[in-house]
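>>> from the sequence below, what's the structure:
(one chain, ligands or ions: 2)
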Amino acid sequence: MVEGKRKVILDVDTGTDDATAIILAALAPKIELLGITTVWGNLPLSVTTEQTLMITELMKKDIPVYVGCPGPIARGLYPQAHKEHRRVAVDAKGKEYGYHDLFQLPRPSAQAQRRHGVDYIVETCRTSREKITLVAAGPLTNIGMALRIAPDIVKNIREVVVMGGGITQSNSTLCAEGNIFRDPEAAEILLKSGAPATFITLDATHRAALPVEYVDRCRGLGNPVGDFFAEILRQRIRVYNALQPLWRGDIAPIHDALCVAYLLDPAVIPDMRRVHLNVCLDHGNGAGAFLIDTRYYHLKENANVAYDGSWERFGEVVMDTLEKAEGLFWKGEEK
Ligand code: RIB
Ligand code: CA
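Ligands and ions are numbered 1, 2, ... in the order given. Reported below is the predicted structural model:
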């Protein structure tokens, strides 16, 4: 372990914005990325794992990848999640695109580690001399399982930073964000565990959506990681313009990267509040919704919740970090 850096395990369902989170976490000098665990989510586990390996290979970084859980802790998979698909983008005409169509990344040659992702989280938290930060960029299944199997790990967790939930914003259902909707029981396990928990909500990620100028700025860095980041942002802007217009045009959130940026510069979240949070566990319309206790006699605070995000700060953190790519990624390999 490297002294003075924040020790991070990143849990992902890669995914385009997960890829940007991996890149930032792997590059940032303030972070020691110990390992990556994969989880089911937007895509089936086999696909999220393969795409995670593609990103670690793109970066030529030797970051161990551990395969985690293929479905939620307590619920059945919702029907869409049963389909083995590789879609990461859809255009206005409904045509679907996978990683290969979008980014021409080769299939990975590296394999995931043999040890299970949940086991890796438990063992790392138990044995680390310094507290571990978990960044959860997919459903909370792996982290919920780890906390259930080994509640003692709480004492060695510095923070769990979750991309999930929404206050006024939702995406998977009328009232729920996808990562929380997919495994609400796992989110409740975290909230009841006593681990310090921070939720980077859709309210923050939508406000911190990056504008199209960043496509050129990332390309202008003149390194393959900048090019890849630019292409992800470009594709996401296309999809958001067509299917999910936000508060202004030609912007796109890269939700998961904002969690990593928060570790590097908390000012990316200008409005973070300490609240009592629960997640709705019903099986109807409310499943996965955030329940924030705003009563004057509210229950004891158990989470930090991001109410706003700053795209200006976020953009600066992204550029500062990607600029480091050359020295770190392409060592010994002239472009
Ligand atoms: O709702 C957004 C979240 O769902 C992001 O983490 C995205 O990558 C998907 O997992
Ligand atoms: Ca994700």
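
>>> quick one: residue 222 from residue 26, how far?
Using Cβ to Cβ, to the nearest Å, residue 222 is found at 19 Å from residue 26. Backbone N, C-alpha and C define where each C-beta goes, glycine included.

>>> wait, what's in contact with the nearest residue to residue 311 once chain neighbours are set aside?
What sits nearest to residue 311 in space, not counting adjacent residues and going by Cβ to Cβ, 6 or more residues apart in numbering, is residue 208, at 4.7 Å. For residue 208, the contact set (Cβ atoms under 8 Å, 6 or more residues apart in numbering) comprises 253, 258, 268, 309-311, 313-314.

>>> what does the stretch 101-250 of the chain put close to ligand 1?
137-138, 163, 171, 177-179 (Cβ under 6 Å from any ligand atom).

>>> and what about residue 304, helix, strand or coil?
strand (DSSP: H, G, I helix; E, B strand; the rest coil).

>>> wouldn't it be in contact with residue 274 here?
Yes: under the criterion of Cβ atoms under 8 Å, residue 304 makes contact with residue 274 at 5.8 Å.

>>> make sure residue 46 is indeed in a helix.
Yes: assigned with three-state DSSP, residue 46 falls within a helix.

>>> report how many residues lie close to it.
Residues near residue 46, counting by other Cβ atoms under 10 Å, number 14.

>>> report pLDDT for it.
Residue-level confidence at residue 46 comes out at 93, pLDDT.

>>> okay, which residue is most central for this structure?
Note on the chain: the residue nearest the mean C-alpha position is residue 137, at 2.3 Å, using Cα atoms, centre = their mean.

>>> what sits against that residue?
Contacts of residue 137 (Cβ under 8 Å, 6+ apart): 10-13, 15, 17-18, 21, 163, 179, 255-256, 259.

>>> return the member of those nearest to residue 110.
residue 12 (15.6 Å; Cβ to Cβ).

>>> state the phi and psi torsions of that closest one.
Main-chain dihedrals, residue 12, degrees, to the nearest 10: phi -130, psi 150.

>>> what about the residue lying closest to it once chain neighbours are set aside, helix or strand, and which?
Closest residue to residue 12 apart from its sequence neighbours, by Cβ to Cβ, 6+ apart: residue 18 at 4.1 Å. For residue 18, the enclosing helix or strand under DSSP states H and E is helix 16-27.

>>> who in this protein is up against ligand 2?
Taking Cβ under 5 Å from the ion, the part of the chain that reaches ligand 2 is made up of 13, 15, 18, 137-138, 256.

>>> hang on, the earlier thing: and residue 222 and residue 26? Which one has more around it.
residue 26 (23 against 10).

>>> what about the more buried one, distance to ligand 1?
According to Cβ to the nearest ligand atom, to the nearest Å, residue 26 and ligand 1 sit 17 Å apart.

>>> residue 52 now?
From residue 52 over to ligand 1 (counting by Cβ to the nearest ligand atom), the distance is 12 Å.

>>> closest point of the chain to ligand 1, which residue?
Residue nearest to ligand 1 within the chain: residue 178 (3.7 Å; Cβ to the nearest ligand atom).

>>> which residues are contacting the helix or strand hosting residue 204?
Under the criterion of DSSP H and E, residue 204 resides in helix 202-207. With Cβ under 8 Å, 6+ apart as the test, helix 202-207 has contacts from 163, 165-171, 177, 246-247, 253-255, 258, 269, 306-311.

>>> this structure: helices as residue ranges?
16-27, 45-58, 79-82, 99-103, 117-127, 141-149, 178-182, 184-193, 202-207, 213-219, 224-243, 255-264, 311-322, 325-329 (DSSP state H).

>>> right, and these - which one's nearest residue 93?
That would be helix 224-243 among these, by Cβ to Cβ, at 9.0 Å.

>>> residues in contact with that closest one?
By Cβ under 8 Å, 6+ apart, the list of residues contacting helix 224-243 reads 16-17, 19-20, 23, 27, 58-59, 89-92, 97, 102-103, 209-210, 212, 214-216, 218-220, 246, 249-254, 318, 322, 325, 329-330, 335.

>>> and whatever residue of the stretch 201-335 of the chain ends up closest to ligand 2, what does it touch?
Going by Cβ to the ion, ligand 2 is nearest to residue 256 of the stretch 201-335 of the chain, at 4.8 Å. Residue 256 makes contact with 12, 15, 17-18, 20-21, 137, 163, according to Cβ under 8 Å, 6+ apart.

>>> identify the farthest-apart pair in those residues.
Spanning the widest gap among the contacts of residue 256 are 20 and 163, at 11.4 Å by Cβ to Cβ.
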